[in-house]
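Engineer: model this:
(4 chains)
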Number of protein chains: 2
Amino acid sequence: MSRSASGYHHGNLQAALEDAALDLLETTSAAKISLREVARRAGVSHNAPYHHFGDRAALLSALGVRGMAALLTAQEEAVAAADGTVEKVRALGLAYVSYAAAHPQAFALVFDPDYCAAGAPSAEMAPLIARNEELLGSLVEQLVQEPAYEGRDPMALSAALWSTVHGMAQLITLGHLPVEAAQPALDALVR
Amino acid sequence: MSRSASGYHHGNLQAALEDAALDLLETTSAAKISLREVARRAGVSHNAPYHHFGDRAALLSALGVRGMAALLTAQEEAVAAADGTVEKVRALGLAYVSYAAAHPQAFALVFDPDYCAAGAPSAEMAPLIARNEELLGSLVEQLVQEPAYEGRDPMALSAALWSTVHGMAQLITLGHLPVEAAQPALDALVR
DNA sequence: CTCCAATGTGGACGTTGTCCAGATTCTTGT
DNA sequence: ACAAGAATCTGGACAACGTCCACATTGGAG
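Structural biologist: Numbering: from 1, shown residues only, chains lettered A, B, ... in the order given. Below is the predicted model:
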């Protein structure tokens, strides 16, 4: 039921539209992606998307969910592959920055309030955000038990870490910081 | 030559357009601001703006310059009012975050690559960016001479500081961090 | 005072987001 | 197997937008 050579019914338009839009996201900012262009790429009429997404913002929002999921798993894998609490924190930060550098438009979309509201997250976005906060939170829990970080406020520390990593990702995608600055700058704080 | 009751010639349309757009920026994201709406607010035809700005992006870009200038002076004033190097750094960070919290759309515009490219800054934007980097840079120069920060790499340190402050500003305007988190999180790092 | 460049106006065109009515296909109850 | 009915896709329409054009108005330099 998925594939369809008959022509009229696409079979899996929802995914095809997201894929087409994701392609465009590699080279174009979310703001400049038009629904009609996405439909054209998917080979359907300009109106077909409305049977799968309420409006343009809903498509972009779905893309934001995909991006957030990718960002999250990148961090999870990096943390799992690292040894030692401090190393895990560094790995998480580098994964975050690397994802942003590799997919700047997708990264920007995830944090674009026009499509992905943090205050009122979509039903699919909310659990991803929660998982990310838990990931960092549990890491910081371990961190404050190391002698070097004894007695620090975990809340303040995770807020500071997230801020640093996020800001670095942002400034690098914007070209304000060179990518090579990430590693030493992160070390300067985590040490 | 500036004021004009005659009607046809506005007298100071350039500034009036920027003011109108700045008003809209208080409540609307840059992406959703239309040139025609700005013209309407300024009381001129939809085409008048083209005699003062090359296109829509040029208007938004000029707004970005204004925003950057405001962000910069906010930092400069805060630094001037603080005593002690560490205190000055804290003051700079809080001013940065405060500006973002007070004018989220303007702050977002300043760092929106669609209108304010960091790689190819406008002739008016470049010196502002340079001044901001000098402000932070000179502060860090002093900082690394304090005993507590002796021997740190100034480049890495200022990159880290800017990242933290910028990320915090971003995450707060997005609603991912509460405003009250700024102060303790900043202290957790600067201490 | 006259002419010209700057500044303003209205009209036009193509693109976009969205709504609507109708066509086509899939599925489900019998 | 077959007749609804739901899901999906199509084309047409409309308003708003960015931008280009030709033309009108005005202020200032010669």
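
Engineer: could you say what helices and strands the host helix or strand of residue A:108 packs with?
Structural biologist: In this structure, residue A:108 sits in helix A:104-110 according to DSSP states H and E. Packing contacts for helix A:104-110, counted by 3 or more C-beta pairs under 8 Å, 6 or more residues apart in numbering or on different chains; DSSP states H and E, involve helix A:13-27, helix A:56-81, helix A:154-174. Backbone N, C-alpha and C define where each C-beta goes, glycine included.

Engineer: Just the mean pLDDT for that helix, thanks.
Structural biologist: Regarding helix A:104-110, the rounded mean pLDDT is 98.

Engineer: what's next to that helix, contact-wise?
Structural biologist: By C-beta atoms under 8 Å, 6 or more residues apart in numbering or on different chains, the surrounding residues in contact with helix A:104-110 are A:22, A:25-30, A:60, A:63-64, A:66-68, A:70-71, A:99-100, A:115-116, A:169, A:173, B:113.

Engineer: Please identify the most buried of the helices and strands packed on helix A:104-110.
Structural biologist: helix A:154-174 (a mean of 24; mean count of other C-beta atoms under 10 Å in any protein chain shown).

Engineer: Now that residue A:14 has come up, it's in contact with residue A:52, right?
Structural biologist: Yes: assessed by C-beta atoms under 8 Å, residue A:14 is found in contact with residue A:52 at 4.3 Å.

Engineer: Find the centremost residue of chain A, please.
Structural biologist: residue A:68 (3.2 Å; C-alpha atoms, centre = their mean).

Engineer: Now do the contacts for that one.
Structural biologist: By C-beta under 8 Å, 6+ apart, the neighbours of residue A:68 are A:110, A:116, A:125, A:128-129, A:132.

Engineer: make it 10 Å
Structural biologist: Taking C-beta atoms under 10 Å, 6 or more residues apart in numbering or on different chains, we find residue A:68 in contact with A:106-107, A:109-111, A:116, A:121, A:124-125, A:127-129, A:131-132.

Engineer: and which of these is nearest DNA strand C?
Structural biologist: Among the contacts of residue A:68, residue A:109 lies closest to DNA strand C (C-beta to the nearest atom of the strand), at 14.3 Å.

Engineer: Spatially, which residue comes closest to the closest one, not counting chain neighbours?
Structural biologist: Spatial nearest neighbour of residue A:109, excluding adjacent residues (C-beta to C-beta, 6 or more residues apart in numbering or on different chains): residue A:30 at 4.4 Å.

Engineer: I'd assumed residue A:62 was in contact with that neighbour.
Structural biologist: No: if you go by C-beta atoms under 10 Å, residue A:30 and residue A:62 don't touch, sitting 11.8 Å apart.

Engineer: got any residues that touch both of these two?
Structural biologist: A:21, A:115.

Engineer: Minimum distance to chain B, which residue of chain A gives it?
Structural biologist: Relative to chain B, the nearest point of chain A is residue A:167 (2.6 Å; C-beta to the nearest C-beta).

Engineer: Grab the nearest non-local neighbour of that residue.
Structural biologist: Per C-beta to C-beta, 6+ apart, closest to residue A:167 is residue B:167, 2.6 Å.

Engineer: residues contacting that neighbour?
Structural biologist: Residue B:167 neighbours (C-beta under 10 Å, 6+ apart): A:159-171, B:176-177, B:185.

Engineer: Next, count neighbours for residue A:35.
Structural biologist: Residues lying near residue A:35 (other C-beta atoms under 10 Å in any protein chain shown) number 20.

Engineer: Just list the residues touching it, thanks.
Structural biologist: A:17, A:21, A:46-50, A:53, A:55-57, A:59-60.

Engineer: 8 Å instead?
Structural biologist: Counting by C-beta under 8 Å, 6+ apart, the residues that residue A:35 touches are A:46, A:49, A:56, A:59.

Engineer: and if you look at residue A:30?
Structural biologist: A:60, A:63, A:105, A:108-109, A:112, A:115.

Engineer: Likewise for residue A:129?
Structural biologist: A:68, A:118, A:121, B:176.

Engineer: any idea which helix or strand carries it?
Structural biologist: Using DSSP H and E, residue A:129 sits in helix A:125-143.

Engineer: so how far is that helix off the chain centroid?
Structural biologist: Here helix A:125-143 is found 14 Å from its chain centre; the criterion is C-alpha atoms, centre = their mean, to the nearest Å.

Engineer: pLDDT of it, averaged?
Structural biologist: 97.

Engineer: Give me the angle between that helix and helix A:154-174.
Structural biologist: Relative orientation of helix A:125-143 versus helix A:154-174 (axes from the mean of the first three to the mean of the last three C-alpha atoms, to 10 degrees): 120 degrees.

Engineer: and the angle from helix A:125-143 to helix A:56-81?
Structural biologist: On the basis of the same axes, to 10 degrees, helix A:125-143 is oriented at 20 degrees to helix A:56-81.
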